[in-house]
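>>> After the sequence you'll find the predicted model.
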Amino acid sequence: GQNIDQPTEMTATEGAIVQINCTYQTSGFNGLFWYQQHAGEAPTFLSYNVLDGLEEKGRFSSFLSRSKGYSYLLLKELQMKDSASYLCAVRALNDYKLSFGAGTTVTVRA
Amino acid sequence: ETGVTQTPRHLVMGMTNKKSLKCEQHLGHNAMYWYKQSAKKPLELMFVYNFKEQTENNSVPSRFSPECPNSSHLFLHLHTLQPEDSALYLCASSQDKRVEDEKLFFGSGTQLSVL
């Protein structure tokens, strides 16, 4: 399996920027996903990276460095509704299954 | 609304009870999954069905029994559970498990408490 690490909690102010880091160790890499999960709700897909670089989608961006086993999710212009848990998940080569990190709970304060 | 519906949302059961969790997807997907989510722990994959065939049983105890009668419905039958089985059980679906960039669509889960 993969060893996936991400911080447990982060707090930021409305309008600010927060960067959630995710590091992974895998014998073969075949894609990294970020999901958002509000309390009591379903996780929802945010982004997918398989090549190195930055993928931007509005206020959210995701970065991947395969050589470093590292990704981050960047949330800009934070809004109160961004308070949620953010899950990093990795797919290994020749395996369709996703391995998830424990999630990072982001709290946005006014 | 993700197109994946789970019932019930909450379930409290004793260790001697038998209950079932239900999942239905309205997305026309061919793969369905059961995950277990415990507080502060990573999501654990339990079972996978692709085109109604079970393709993964991730060393799950036999007190959990999945059933997939068709590509749209997935059940998890529970019997003689233990208190440590208390968790959020999430159902997910995807178009086809073999596609590399395949994203999962999750239901809101069933919060299970075993007394």
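Sure, I can see it.
>>> Tell me the pLDDT of residue A:78.
Reported pLDDT at residue A:78 in the predicted model: 98.
>>> before we move on, what about residue B:71?
Residue-level confidence at residue B:71 comes out at 89, pLDDT.
>>> correct me, but it touches residue B:51?
Yes: taking C-beta atoms under 8 Å as the contact criterion, residue B:71 and residue B:51 are neighbours in contact, 6.8 Å apart. To be clear about C-beta, it is placed using only N, CA and C from the backbone, and glycine gets the same treatment.
>>> for the chain, what are the low-confidence residue spans?
Went with chain A since none was named. Judged by pLDDT under 70, chain A has its weakly predicted residues at A:1-2.
>>> wait, I meant chain B there
Judged against pLDDT under 70, the low-scoring parts of chain B cover residues B:1-2, B:97-100.
>>> Get me the contact residues on it for chain A.
B:2, B:4, B:40-43, B:45, B:48, B:56, B:90, B:97-98, B:100-109 (C-beta under 8 Å from any C-beta of the partner chain).
>>> which residues of the chain fall in strands?
By default, I'm working from chain A. For chain A, applying DSSP state E gives strands covering A:3-5, A:9-13, A:18-25, A:29-37, A:44-49, A:53-57, A:60-65, A:70-75, A:84-92, A:98-100, A:104-109.
>>> right idea, wrong chain: chain B
Counting by DSSP E, the segments of chain B that form strands are B:4-7, B:10-13, B:18-25, B:31-37, B:44-50, B:53-57, B:64-70, B:73-79, B:87-94, B:105-106, B:110-114.
>>> and the angle from the fourth one to strand B:64-70?
Here strand B:31-37 runs at an angle of 150 degrees relative to strand B:64-70 (axes from the mean of the first three to the mean of the last three C-alpha atoms, to 10 degrees).
>>> pull the CA atoms of strand B:31-37 into PDB?
Coordinates of the C-alpha atoms in strand B:31-37 are reproduced here as PDB (Å, rounded to 0.1, in the frame of the first residue of the first chain):
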ATOM      1  CA  ALA B  31     -18.400   0.000 -10.300                       C
ATOM      2  CA  MET B  32     -19.600   0.400  -6.700                       C
ATOM      3  CA  TYR B  33     -17.600   0.400  -3.500                       C
ATOM      4  CA  TRP B  34     -18.000   0.200   0.200                       C
ATOM      5  CA  TYR B  35     -15.600   2.300   2.400                       C
ATOM      6  CA  LYS B  36     -15.300   2.600   6.200                       C
ATOM      7  CA  GLN B  37     -14.400   6.000   7.600                       C
END
